[in-house]
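Participant: Got a sequence here, can you build the structure:
(one chain, ligands or ions: 2)
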Amino acid sequence: MTMEHDTIAAIATALGNSGINVIRISGDEALEIALNIFVNKNNEKVKSFKNRYLTYGMIVDRDGKVIDEVLVSFMQKPNTFTREDVIEINCHGGILSAKKILDLIMTYNCRMAEQGEFTKRAFLNGRIDLTQAEAIIDIINAKTQSSHEISVSHLEGRLSKQINELIERIINLLANIEVNIDFPEYDEDVITINKVKEESINMLNKIETLINTADTGKIYKEGIKTLIIGKPNVGKSSLMNFLLNENRAIVTEIPGTTRDTIEEQVNINGIPLNIIDTAGIRKTEDEVEKIGVEKALNKINEADLIMMVLDSSKELEEEDIEILKLIENKKVIYIKNKTDLEEKLNLDEYKNIEEKVINISVLKNEGLEKITNTIQSMFFEGKIDLENDLIINNARQKNLLINAAKNLEEVLNSIDNGMSIDFIEIDLKSCMENLGLIVGKAVSDDLVDKIFSDFCIGK
Ligand SMILES: Nc1nc2c(ncn2[C@@H]2O[C@H](COP(=O)(O)OP(=O)(O)OP(=O)(O)O)[C@@H](O)[C@H]2O)c(=O)[nH]1
Ligand SMILES: [Mg+2]
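Facilitator: Numbers count the residues shown, from 1 in each chain. Ligands and ions are numbered 1, 2, ... in the order given. Just a heads-up that it's a prediction; the model follows:
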C-alpha cells in the first residue's frame, strides 16, 4: 500500500531519441532532493531555487560526478498541478540521462510514481475533479481533432459545471422538502410537489440531452469500427487502400488474396474510421483462407458499420446472398464496385438494397466521395454542434447519467401515483449521488485507482 503523501518521481516524457526529457518530482521532499543533486554553473550547491524560474546547472551524483547538464524549475505549493511542491528537471534527450537522474533521485526519500499518480494527486487534492482527470487521459489519447476538442472542453470544466448545477438544484429541492417534513403545519406540500415535478422534468430533459450525445462522443473517441466485407475479388482491398490513401493491402486478380483481417485507422473529413479489410467470404478447403473467412464473419457482430462490396461485373452469387443475410440487422453501406466494366449484377430481387447502393469504380476513381457523404449522414446528420454542444465521451459518465435519469423518472412516477414525499426524497438523493460520482464526489478508492491506472507513468 502506497502512502498518498510520499514524495514521488518519474520521467514525464516518452523515452527515445528526443531533444530533451523531463523528470518530475512531487511532494514535500522534492525541493530538498533537487538541492542535493544539483550544482550551478560555478559548480556550487545552491540554497534554494527561485519559485517558478528555470535554473541552469548540472546534476551530480553522490560522488560529485556530473550526470547531465540541466534546467531545473521549482514550483512551490499550492499553485501547482499536484498542489504539492513540484520540481521538474529538463535534461538532454535519449534514454540514459533521464534514467540515471531518476535512479539518483530514488536514492533519496522518494519513490517511483505509479501510473497517473501526479494527476491522481491533482484530483485528490482538489485541483481538478474526476471529469477533468478523465479529460486529461482522453487528451493524451485523442486520435482526432474532434475528440481532442471534446476533451479540452471537459478539461475546462464545462461538464463539471453542468453537473454541479444539477446537483445544486437537487439540494434546493431537498431543502424544500426538509422544511416541509419539519414543519408540516405550514402545509406547503402541494407547492413543494409541484416544484419538484417541474424541476425534475426540466433536469431529466437536460440529462437525456447529454446521454444522447454519448454515441457521437464514443465514435469520435474510438472511431467507427468499419468492416469491409464481400465475396472474393470484388475489390475490398482496393477500396481499403483507396480510403487509406496508401497501398496497405495486397491487391491481385486472384480471388482469395486477402487471408487475414487487416485493421487500420483513418480520418475521413474529420470522421475517424477503424477500417478492417477481410478475406473474401466463400466456402474453401484452404486451411489458412478458411480461418480468415471465420475471422471476417466473427467481426460482423462487433462492427459499427459494414461496407458490403458487390461486383458489378458479376451476377449475384450464393456468397453474396449469404452475406446479405448475415448483415441484415446492421448499419450497412452497399457498394457496387467495378462499374467501369459491363454490368451483370442484377438486384431486382433486392429492391430495398438496390435503392441504397452506391456505384463506384475504384479503378477509375469514381463515386468514392459518395461513401464519405453517406457515412457523414448516417452518423452525424444535424445532430451535434461540436463547438457548442457538450458531448459525453466516457462510458462511466454515460452510465451514471442513465442512472440519474432513472432516479428522476422514479421521482415523477411517485408524484403521479401520489406516493409519500419520503419516496421522492430517496430518489432525489440517489440522483444527486449518481451525479456526484460523475465529478468524483464520494467515489470509492478502488474506482479512483482504476481510473488513474489508465494513465501513463509520469502524468
Ligand atoms: N475493373 C475494375 N477492377 C477492379 C476495380 N477495383 C478492383 N479491381 C480489381 O479487382 C481485383 C481484385 O481486387 P482486390 O481489391 O484484391 O479484391 P478483394 O475483394 O480484396 O479480393 P480478396 O482479397 O481475394 O477477397 C484486382 O485485380 C483489382 O485490380 C474496379 O473498380 N474496376
Ligand atoms: Mg482483399
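Participant: looking just at contacts, which helices and strands does the helix or strand where residue 325 lies meet?
Facilitator: Residue 325 belongs to helix 318-326 when elements are defined using DSSP states H and E. Judged by 3 or more C-beta pairs under 8 Å, 6 or more residues apart in numbering; DSSP states H and E, helix 318-326 is in contact with strand 305-311. Bear in mind the C-beta positions are built from the backbone N, C-alpha and C, glycine included.
Participant: Quick check: buried residues in stretch 310-320?
Facilitator: By neighbour count on 16 or more other C-beta atoms under 10 Å, the buried set for stretch 310-320 is 310, 311, 312, 314, 316, 319, 320.
Participant: Assign the fourth one to helix, strand or coil.
Facilitator: What it means is residue 314. Following DSSP: H, G, I helix; E, B strand; the rest coil, residue 314 is assigned to coil.
Participant: Dihedrals phi and psi, the closest residue in space to it that isn't next to it in sequence?
Facilitator: Counting by C-beta to C-beta, 6 or more residues apart in numbering, the nearest residue to residue 314 once its immediate chain neighbours are dropped is residue 344, at 5.7 Å. Phi and psi for residue 344, reported as degrees, to the nearest 10, are phi -120, psi -10.
Participant: what's the neighbour count on residue 344?
Facilitator: 12 (other C-beta atoms under 10 Å).
Participant: Repeat that for residue 208.
Facilitator: There are 13 residues near residue 208, going by other C-beta under 10 Å.
Participant: Check the gap between the residue nearest to it when sequence neighbours are not counted and residue 423 for me.
Facilitator: Once flanking residues are discounted, residue 208 sits nearest to residue 405: 6.1 Å by C-beta to C-beta, 6+ apart. Noted for residue 405: a distance of 17 Å to residue 423, by C-beta to C-beta, to the nearest Å.
Participant: between these two, who's got more neighbours?
Facilitator: Taking neighbours as other C-beta under 10 Å, residue 405 and residue 423 compare with residue 405 leading, 20 against 15.
Participant: can you tell me which residues contact that one?
Facilitator: By C-beta atoms under 8 Å, 6 or more residues apart in numbering, the contact list for residue 405 reads 204, 207, 208, 211.
Participant: Quick one: distance of stretch 106-117 to the chain centre.
Facilitator: Offset of stretch 106-117 from its chain centre (C-alpha atoms, centre = their mean, to the nearest Å): 27 Å.
Participant: Oops, could you answer that again for stretch 78-85 instead?
Facilitator: Put simply, stretch 78-85 sits 26 Å off its chain's centre (C-alpha atoms, centre = their mean).
Participant: quick one: terminal-to-terminal distance for it?
Facilitator: Distance between the boundary residues of stretch 78-85 (C-alpha to C-alpha, to the nearest Å) amounts to 7 Å.
Participant: same deal with stretch 50-57?
Facilitator: For stretch 50-57, the first-to-last residue distance is 14 Å (C-alpha to C-alpha).
Participant: which residues touch it?
Facilitator: Here stretch 50-57 has contacts from 38-41, 46, 49, 69-76, 90, using C-beta under 8 Å, 6+ apart.
Participant: Can I get the buried ones among the residues you listed as something I can paste into ChimeraX?
Facilitator: Buried members of the contacts of stretch 50-57, defined by 16+ other C-beta under 10 Å, are picked up in ChimeraX with:
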select :38,49,70,72,73,74,75,90
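Participant: Which pair of the contacts of stretch 50-57 spans the longest distance?
Facilitator: Among those, the pair separated by the greatest distance (C-beta to C-beta) is 69 and 76, at 24.4 Å.
Participant: coming back round to it: how close does the residue nearest to residue 314 sit to residue 302?
Facilitator: The gap separating residue 344 from residue 302 is 33 Å, by C-beta to C-beta.
Participant: So which residues of the stretch 201-350 of the chain form helices?
Facilitator: All helices of the stretch 201-350 of the chain, identified by DSSP state H, counting those that start in this stretch, fall at 214-222, 236-244, 287-302, 318-326.
Participant: can you tell which of those helices is closest to ligand 1?
Facilitator: Closest of those to ligand 1 is helix 236-244, at 3.3 Å (criterion: C-beta to the nearest ligand atom).
Participant: just checking, what packs against that closest one?
Facilitator: Packing contacts for helix 236-244, counted by 3+ C-beta pairs under 8 Å, 6+ apart, involve strand 224-229, strand 262-268, strand 271-277, strand 305-311, strand 332-337.
Participant: Mind putting those strands into a markdown table with distance to residue 241 and mean pLDDT?
Facilitator: Listed next are those as a markdown table, based on distance: least, C-beta to C-beta, whole Å; pLDDT from 0 to 100:
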| stretch | distance to residue 241 | mean pLDDT |
| --- | --- | --- |
| strand 224-229 | 11 | 95 |
| strand 262-268 | 10 | 90 |
| strand 271-277 | 9 | 91 |
| strand 305-311 | 13 | 97 |
| strand 332-337 | 13 | 97 |
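Participant: Tell me which of those strands sits nearest to residue 394.
Facilitator: strand 271-277 (16.4 Å).
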